[in-house]
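Build me a model from this:
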Amino acid sequence: MNTPPPSGVIADLRKSYERAELSEAASEADPLRQFDRWLTEALAAHLPEPNAMTLATVGSDLRPSTRVVLIKGYDERGIVFFTNYDSRKGRELAGNPHAALQFHWVELERVVRIEGVVEKVGADESDAYYQSRPLDSRIGAWASPQSQVIAGRHVLVANAARYGAQFLLKPPRPPHWGGFRLRPDRWEFWQGRKSRLHDRLRYRLDAGRWVRERLAP
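Numbers count the residues shown, from 1 in each chain. This next block holds a predicted model:
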């Protein structure tokens, strides 16, 4: 059994954030344009999975839960991701469509937080993305009863073999699988700064227009 590190080791971890700054003058007036700029820079920096984001939902029991999902599109309508509608996140979003997303680009010392209401994307959009996925991923959407208790990994392997034999090279999109779009009403852009005096710019929707505000770190 491994011995856990002394608590002081963790408590003494420090990092000084000095890569960049985020000023009102240099930021975009529209949060979507600011997000596009930062995501483009994260892609250009060849970060590991710059498209990974944490999704937070709240169930009917008022217990929050988080998981990592992948952004698959964004425009003025919102942020798109895909999942199993019968999963825990799918069921929680069906009961409470308010959700939050967070990107953490560690190497760039940046965080983007997004809050809003989630809705399902249209069937045509879900179909188009599903058909663009690799074959094994399309079969996997059938094989995994996401978030349900299973007896072991052999259940997934058997399901994949069964659906692979059934659908061959042309599996249709499962009715329980598709896209969600989060329509933002709040954005926050965080840039790490020296001495923990970080830059935080929040954009909130007010009467149809975006209001940009600086928050204390």
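
the longest strand in the protein is where?
If you go by DSSP state E, the chain has its longest strand at strand 177-191.

I'd like to know the average pLDDT value across it.
In this model, strand 177-191 has an average pLDDT of 98.

which neighbours does it have in its sheet, and in what orientation?
Strand 177-191 has the following sheet partners, assigned by DSSP bridges: strand 78-84 (antiparallel), strand 110-120 (antiparallel), strand 199-206 (antiparallel).

So what touches the first one?
Think strand 78-84. 53, 55, 69-74, 89-90, 101, 114, 116, 121, 125-126, 129-130, 141, 144, 146-147, 174, 176-184 (C-beta atoms under 8 Å, 6 or more residues apart in numbering). Heads up, the C-betas are built off the backbone N, CA and C, glycines and all.

Using neighbour counts, give me the buried entries of those.
Among those, the ones that count as buried by 16 or more other C-beta atoms under 10 Å are 53, 55, 69, 71, 74, 89-90, 101, 114, 116, 121, 125-126, 129-130, 141, 144, 146, 174, 177-182, 184.

And the strands in this structure?
Listed in chain order, the strands of the chain (DSSP E) span 52-58, 64-70, 73-75, 78-84, 98-105, 110-120, 177-191, 199-206, 209-214.

okay if I get the ones you listed as TSV plus distance to Leu169?
Output for the strands of the chain, formatted as TSV (distance: least, C-beta to C-beta, whole Å):
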stretch	distance to Leu169
strand 52-58	29
strand 64-70	24
strand 73-75	25
strand 78-84	21
strand 98-105	34
strand 110-120	27
strand 177-191	18
strand 199-206	45
strand 209-214	46
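
Any idea which of these gets closest to Asn2?
Among these, strand 64-70 comes nearest to Asn2, with 25.2 Å by C-beta to C-beta.

Averaged pLDDT, the closest one. What do you get?
98.

what about stretch 8-21, start to end distance?
End-to-end distance of stretch 8-21 (C-alpha to C-alpha, to the nearest Å): 31 Å.

tell me which residues of that stretch are tucked away?
Of all the residues in stretch 8-21, those buried under the rule 16+ other C-beta under 10 Å are Tyr17.

again with stretch 156-165
For stretch 156-165, a neighbour-count test (16+ other C-beta under 10 Å) marks 159-160, 163-164 as buried.

Now tell me what touches that stretch from outside.
136, 139-140, 142-144, 150, 171.

Can I get the buried part of those as one ChimeraX selection?
In ChimeraX, this line selects whichever of the contacts of stretch 156-165 come out buried by 16+ other C-beta under 10 Å:
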select :139,140,142,143,144,171
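
Check the contacts of stretch 156-165 against Asp36 and report the nearest one.
Using C-beta to C-beta, Gly140 is the member of the contacts of stretch 156-165 that lies nearest Asp36, at 30.3 Å.

Just the C-alphas of stretch 55-66, formatted as PDB.
Taking Å, rounded to 0.1, in the frame of the first residue of the first chain, the C-alpha atoms of stretch 55-66 are listed here in PDB:
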ATOM      1  CA  LEU A  55     -19.900  19.900 -17.600                       C
ATOM      2  CA  ALA A  56     -21.700  20.500 -14.400                       C
ATOM      3  CA  THR A  57     -25.300  19.500 -13.800                       C
ATOM      4  CA  VAL A  58     -27.700  19.300 -10.800                       C
ATOM      5  CA  GLY A  59     -30.100  16.400 -10.300                       C
ATOM      6  CA  SER A  60     -33.500  16.400  -8.700                       C
ATOM      7  CA  ASP A  61     -31.800  15.500  -5.400                       C
ATOM      8  CA  LEU A  62     -29.900  18.800  -5.700                       C
ATOM      9  CA  ARG A  63     -26.600  17.000  -5.800                       C
ATOM     10  CA  PRO A  64     -24.200  18.600  -8.300                       C
ATOM     11  CA  SER A  65     -22.100  16.300 -10.500                       C
ATOM     12  CA  THR A  66     -19.400  17.000 -13.000                       C
END
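
Cool, thanks, talk later.
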